[in-house]
Structures are given as structure tokens and as C-alpha cells.
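**Q** Show me the folded form of this:
(3 chains)
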Amino acid sequence: MEDIITVFRLLLLISLVVCAIATALSKRVMTALIIFTSYSIVMSVVWLLLRSPDLAITEAAVGAGVNGVLFFITLRKLHLIDKDYADDEEGKIDEGVNVNEE
Amino acid sequence: MNLLINYEAVTSMVLFAIGFTMLVFSRNIMKKILGLNIVDTGVYLFLASMGYIEGKLTPIVPATGEVNALDYINPIPQGLVLTGIVVSVSFSALMLALTVRLYKKYRTLNLDKIYEMCRKEDEQK
Amino acid sequence: MKNKKFSSLLKEWYEGNLSFDERMDSDIHKKETAETEEKEIRLVKDVEKAEKELTSKGYKFFSVIFCVILALILILTVNFMPLFADDSTPTANEVYEHYVGEGRDQTGAVNTVAGMILDYRAFDTLGESFVLFTATCAVLLLLEQSKKQKVKEKESFTFSNDPIVCTIVKIITPIIIVFGVYVLFNGHISPGGGFSGGSVLGAGFILFAMAYGEDNAAKIITPKIIRVITICSLSFYCLAKSYSFFTGNEFNGIHSIITPGTPGDIVSGGLILPLNIAVGLVVCCTMYSFYMVFKRGRLD
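**A** I've put the predicted structure just below:
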């Protein structure tokens, strides 16, 4: 039984690292954001395995819920969901969109 | 070799390195903020793994009877991390608000371009 | 004339020499800058070209190498750390034994984490909730728009027309809110507490605002309510904890009227239950107002 739990733990930790690398390498911010929310969910299971259920509840509500919503709304507000490129090498920022003016 | 036992610590170090690299080398502001969040979770994972002891219980003691402290894991790192997680949301919200203001002025999220424009503005004055 | 140093400007102002009609010669200044500007633009273009060549080839490669080297150095330090899940780690010292062993009898909380962060270390949590309050204020300052400014059509968007979001959220919101209240009120006898319950409640209210539209949500949860709840919770926390700091001193002869109660009951643990509720309300209001400010530019 303990061996199974060790394997499960290792799988979770490896998927954490894979999610982090995918977040770093993805070109579009929207993709990075979606991968980051899945990272938070995996993190909350890791908290459960470390015997800290308080942290699991908080991480699931905050990391996957509120944080993701805030990032998403910011992207939507700047009209960047379809067109942003992470490092902006070939990124086309739409000049026609009038976002400013106070 | 401690490396073959401390999986959690090794993972948190790798997460810290990835997040720090994102924070420093990524040009997009949003990805910088994501990188800072990853650094955060790496540090939290390291802290919480320090308090874990094999074969012991969650620190919720029975309501009556004797309490043997050695049956439970360490609650102090949990308390530290619990407050940290909620603060991490508030600072990412603050940074996102600053990002919205920057984008409204310069119409780009690339920090190099923003820096270039700022320099031009300064020299025009 | 803006090129003058701040100290010299200050000196002129102090001596009364600084006049405000220096704008007369700003035209000359403009001509001067126009030439230099052209040169600068050329320079900037050259720099950008060079940067592009660098970025296309070496930038990503260099950053990956940096990441690997940093990770290796950090992993080397792990080799000298205490073993994972070991009895003899230096973190398992007498402080932890005191918190777990005598925490239940001293604070009345069965959940040791709640007893720790709201009784032994309550001052830390007070600072924490003020951090949240300050963050809300800062976000409001940065993003608030007045009511007269109409939100442009391109900027306004709503989720309440989306059939998937609407249907699911209408079923799931009451469950989430009830769960949040449960976690909030049982913080001292089961996992959870102010921070967890507050963030679950905040997420529930965010979903509510998404599905029913922000206008309808703002009629129920008005900015006045948010303000009153936040300030009342924070000041209640301050007053309650200063009372127990004052009476906690054994030598001044004042006995606290707050008793730990019988551990395991809902109404027990002295101040821990009301403090949990106060912290949870602050966290909930913070999350909800973050959402509203980011979405609409104002709280109402």
C-alpha cells in the first residue's frame, strides 16, 4: 500500500514540474493561464497527501478559482485572448482597438 | 543520498528555478506574474514538506482525553502557508491592476517596448 | 527648461526667482529636440535590430541554460537538508510539542492550526487581514472609473448569456455558499477556518455575480454593505484581541471573561469562532470586490 502511495506522490510531483515547464514555454498567455489553473488543482492534491487539508481547501478555492478568474478578466479586458503572443516576437498588437482614454 | 528521499524538496527547488526564470527572462508582463505565482507555490511546498512526519496524523486532536503531541505532524508550517496563499492572491490582483494601467497607456504588454517608450518620453521632456 | 535638476529648481523657487512664463521659449527647445529625436530614432531602430537577432537565436537557449544551472545549484543544497518525513528534523522541537500538546486545553480549539493562527499568533493574522484591506484599496485607486463614464461596447462583456455557465452556476452556487459557511463556522473543530471559508464564499459570490449579471448582484451586495462589513470586522478583531492581550497578563489582576469552553462544541474556543468569522468576512469581501472592480471598474 505504501508503495502505491509513493508512486502516486511521484506522479503528482512530476506532473507539477511538467505543468510549470508548459506554463513557461507556451506562446499564448491564455494557454499558460489554463495550464496554471490545472497546476493549482494538482497542488491542492499534494497538500492533501502532506496531511494539510486546510491548505487543500484554500488552494482549490483561491489558486484555481479566484486567481484564474482575475487573470481571465484582465486578458478579456485588454482584448488579448485571441491575439496575444507570449514573447511578442511576431506578436501583432491591434492598433485599431481603442482601449484607453480616461 | 538525501536527494532520493526528499522528492518534495527537489520538486520545490525545480519549481523555484522555473518560476524565477519566467520572472526574469520572460518579456510578457502577464507571464512574469504567472512566474511569480509559481515561485510562491514552490516556496510553500518546501515549507509544508518540512513539517511532514511519516506515519503521523493531521493536527486535529480528539475533544476529550489525553493528547500525545508526538502522534501529530507539525502545524506551524501549515499556519504560515495558509496566510501566504491568501496574500499571494492579493498581490497578483494588485499587479494585474498595474498591468491594465500600463496597457492602457502603451498598448503593449512587452516590457522591453514599454521601457523603450518610457526612455523616449523622458528624453523628449 | 525641464532639463534643470530638481535641486536647482528648488533653490530657484526658494529664492523666489522661478517664474512660470518660461514656456515662451519652449519653441526653441522643440527645434533643438527635433534633430536629436531623429538621431535617437535611428539609434533605437539599430538597437531593436540587434536585439531581434539576439532573441531569435540565443535568448531562449540562454534562459533555459540559466534555469538548469539555478535548479542544479538549488538541488545541491537539498543534499544537506534533513531527511523528509523523519522524526528527528529540527523543525519538530518543543514549540510544536507545546502547540499540539497543550493547545486544546489552553485555547479550546480542537483544530490546532486554527488555535495557532488565531490565538497564539493572532497579531500576525491581524496584519494579514490589513494587507488584504490595503490591496483592495490600492486596486480600487488604480482601476476605479466614475459612474458617468460609459463603458464602451467593446469593453463590456457578460457571462449571463452563456447557456453553459448560467445553467451550471445556478445549480452549483447555493451548494458552494453553504459549504463556505460550513467551513467558516466549523473552523475550530474541523479543517478549515477563516481563510479557507472566506475564499470559498468569495468564489461562490463571484459565480453568483457571473450568472445573474453584475447589475443584479450589485443591487443585493451594495458597496455600502461591503464597506461596513470590512470595517466592522477589522475593528472588531482589533478590539477583541486587544482585550485579550490586556487580560492575558497574569500580574495586573484582571481576569478575562472569555473561557475556552468545552472543546469540540460549536460554541467553544473563546474568541476563535468570532475571529474566524471576522477574518472570513474580510477575505470574502476582498475577493468579491477584486472581481467587481476588475470587471466593471467600480463596486456598485
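**Q** Give the rounded mean pLDDT of stretch C:233-242.
**A** Computed over stretch C:233-242, the mean pLDDT rounds to 92.
**Q** Stretch A:10-23 now?
**A** Taken as a whole, stretch A:10-23 carries a mean pLDDT of 94.
**Q** Stretch C:174-182 now?
**A** pLDDT averaged over stretch C:174-182 gives 94.
**Q** low pLDDT regions in chain B?
**A** Low-confidence segments of chain B (pLDDT under 70): B:1.
**Q** If you could redo that for chain A, that was the one I meant.
**A** Short version for chain A, where the test is pLDDT under 70: A:82-102.
**Q** And the residue nearest the centre of it?
**A** residue A:36 (1.2 Å; Cα atoms, centre = their mean).
**Q** which helix in chain A runs the most residues?
**A** Ranked by residue count and defined by DSSP state H, the top helix of chain A is helix A:2-25.
**Q** and that helix, does that touch chain B?
**A** Yes - using Cβ under 8 Å from any Cβ of the partner chain, we find that helix A:2-25 touches chain B at A:9-10, A:13, A:16-17, A:20-21, A:23-24. Heads up, the C-betas are built off the backbone N, CA and C, glycines and all.
**Q** Farthest pair within those?
**A** Spatially, the most separated pair among the residues of helix A:2-25 next to chain B is A:9 and A:24, at 23.2 Å (Cβ to Cβ).
**Q** Between those two, tell me which one has more neighbours.
**A** In this view residue A:9 and residue A:24 are compared by other Cβ atoms under 10 Å in any protein chain shown, and residue A:24 has more residues nearby, 23 against 17.
**Q** what sits against the more buried one?
**A** Going by Cβ atoms under 8 Å, 6 or more residues apart in numbering or on different chains, residue A:24 touches A:32, B:18, B:21-22, B:26, B:31, B:35.
**Q** mind listing the helices for the chain?
**A** Since you didn't name a chain, this refers to chain A. In chain A, the helices defined using DSSP H lie at A:2-25, A:29-49, A:53-61, A:67-77.
**Q** that's the wrong chain, I wanted chain B
**A** Taking DSSP H, the helices of chain B run over residues B:7-25, B:29-51, B:76-106, B:111-124.
**Q** and the angle for the shortest one with helix B:29-51?
**A** To tie it back to what came earlier, the one meant is helix B:111-124. 120 degrees (axes from the mean of the first three to the mean of the last three Cα atoms, to 10 degrees).
**Q** Packing partners of helix B:111-124?
**A** In terms of contacts (3 or more Cβ pairs under 8 Å, 6 or more residues apart in numbering or on different chains; DSSP states H and E), helix B:111-124 is packed against helix B:76-106, helix C:26-54.
**Q** Likewise for the first one?
**A** Taking 3+ Cβ pairs under 8 Å, 6+ apart as the contact definition, the neighbouring helices and strands of helix B:7-25 are helix A:2-25, helix B:29-51, helix C:60-78.
**Q** Make CSV from the contacts of residue A:24 and add neighbour count and distance to residue B:41 to it.
**A** Shown next, in CSV, are the contacts of residue A:24 (neighbours: other Cβ atoms under 10 Å in any protein chain shown; distance: Cβ to Cβ, whole Å):
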residue, neighbour count, distance to residue B:41
A:32, 24, 15
B:18, 24, 11
B:21, 22, 15
B:22, 27, 13
B:26, 20, 17
B:31, 24, 16
B:35, 25, 11
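**Q** Of all the helices and strands packed on helix B:7-25, which one is nearest residue C:184?
**A** helix B:29-51 (22.4 Å).
**Q** Could you let me know which of the contacts of residue A:24 ends up closest to chain C?
**A** Lowest distance from chain C to the contacts of residue A:24 (Cβ to the nearest Cβ) belongs to residue B:21, with 4.0 Å.
**Q** if we can go back for a sec, distance check, the residue nearest to the centre of chain A against residue B:35.
**A** 10 Å (Cβ to Cβ, to the nearest Å).
**Q** Residue C:234 too?
**A** In terms of Cβ to Cβ, residue C:234 sits 32 Å off from residue B:35.
**Q** Quick check: closest non-adjacent residue to the residue of chain B found nearest chain C.
**A** Nearest residue of chain B to chain C, counting by Cβ to the nearest Cβ: residue B:63, 2.9 Å away. Leaving aside its sequence neighbours, residue B:63 sits nearest to residue C:264 (Cβ to Cβ, 6 or more residues apart in numbering or on different chains; 2.9 Å).
**Q** who touches that neighbour in this structure?
**A** Counted by Cβ under 8 Å, 6+ apart, residue C:264 has contacts B:63-64, C:110, C:189.
**Q** SS state for it?
**A** coil (DSSP: H, G, I helix; E, B strand; the rest coil).
**Q** On the pLDDT front, check it for me.
**A** Residue C:264 is given a pLDDT of 79.
**Q** Not including adjacent chain positions, what is the nearest residue to the spatially most central residue of chain B?
**A** In chain B, the residue lying closest to the centroid (Cα atoms, centre = their mean) is residue B:40, at 0.9 Å. Closest residue to residue B:40 apart from its sequence neighbours, by Cβ to Cβ, 6+ apart: residue B:88 at 4.8 Å.
**Q** and that neighbour, how many residues sit next to it?
**A** Neighbours of residue B:88 (other Cβ under 10 Å): 20.
**Q** ok, then the element right after the helix or strand where residue C:115 lies?
**A** Secondary structure assignment for residue C:115, by DSSP states H and E: helix C:112-115. Next helix or strand after helix C:112-115 toward the C-terminus (DSSP H and E): helix C:122-143.
**Q** mind saving the C-alpha coords of that next one as PDB?
**A** Only the C-alpha atoms of helix C:122-143 are listed here, as PDB (Å, rounded to 0.1, in the frame of the first residue of the first chain):
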ATOM      1  CA  ALA C 122      -3.300  36.400  16.400                       C
ATOM      2  CA  PHE C 123      -1.300  39.500  15.900                       C
ATOM      3  CA  ASP C 124       0.200  38.100  12.600                       C
ATOM      4  CA  THR C 125      -3.300  37.300  11.300                       C
ATOM      5  CA  LEU C 126      -4.400  40.900  12.100                       C
ATOM      6  CA  GLY C 127      -1.600  42.200   9.900                       C
ATOM      7  CA  GLU C 128      -2.600  39.800   7.300                       C
ATOM      8  CA  SER C 129      -6.200  41.000   7.100                       C
ATOM      9  CA  PHE C 130      -4.900  44.600   6.900                       C
ATOM     10  CA  VAL C 131      -2.800  43.500   4.000                       C
ATOM     11  CA  LEU C 132      -5.900  42.300   2.200                       C
ATOM     12  CA  PHE C 133      -7.700  45.600   3.000                       C
ATOM     13  CA  THR C 134      -4.800  47.600   1.700                       C
ATOM     14  CA  ALA C 135      -4.700  45.600  -1.500                       C
ATOM     15  CA  THR C 136      -8.400  46.300  -2.100                       C
ATOM     16  CA  CYS C 137      -7.900  50.000  -1.600                       C
ATOM     17  CA  ALA C 138      -4.900  50.000  -4.000                       C
ATOM     18  CA  VAL C 139      -6.800  48.100  -6.700                       C
ATOM     19  CA  LEU C 140      -9.800  50.500  -6.300                       C
ATOM     20  CA  LEU C 141      -7.500  53.500  -6.600                       C
ATOM     21  CA  LEU C 142      -5.900  52.100  -9.800                       C
ATOM     22  CA  LEU C 143      -8.900  50.900 -11.600                       C
END
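**Q** Mind giving me the packing neighbours of it?
**A** Using 3+ Cβ pairs under 8 Å, 6+ apart, helix C:122-143 sits against helix B:76-106, helix C:223-247, helix C:272-296.
**Q** sorry, back to before: wait, doesn't the residue nearest to residue B:40 sit right on residue B:39?
**A** No - if you go by Cβ atoms under 8 Å, residue B:88 and residue B:39 don't touch, sitting 9.7 Å apart.
**Q** now the spatially most central residue of chain C, nearest residue through space, not along the chain?
**A** By Cα atoms, centre = their mean, chain C has its centre lying nearest to residue C:132, at 4.4 Å. Leaving aside its sequence neighbours, residue C:132 sits nearest to residue C:286 (Cβ to Cβ, 6+ apart; 4.5 Å).
**Q** list the contacts for the one you found?
**A** By Cβ under 8 Å, 6+ apart, the neighbours of residue C:286 are B:90, C:132-133, C:135-136, C:202, C:230.
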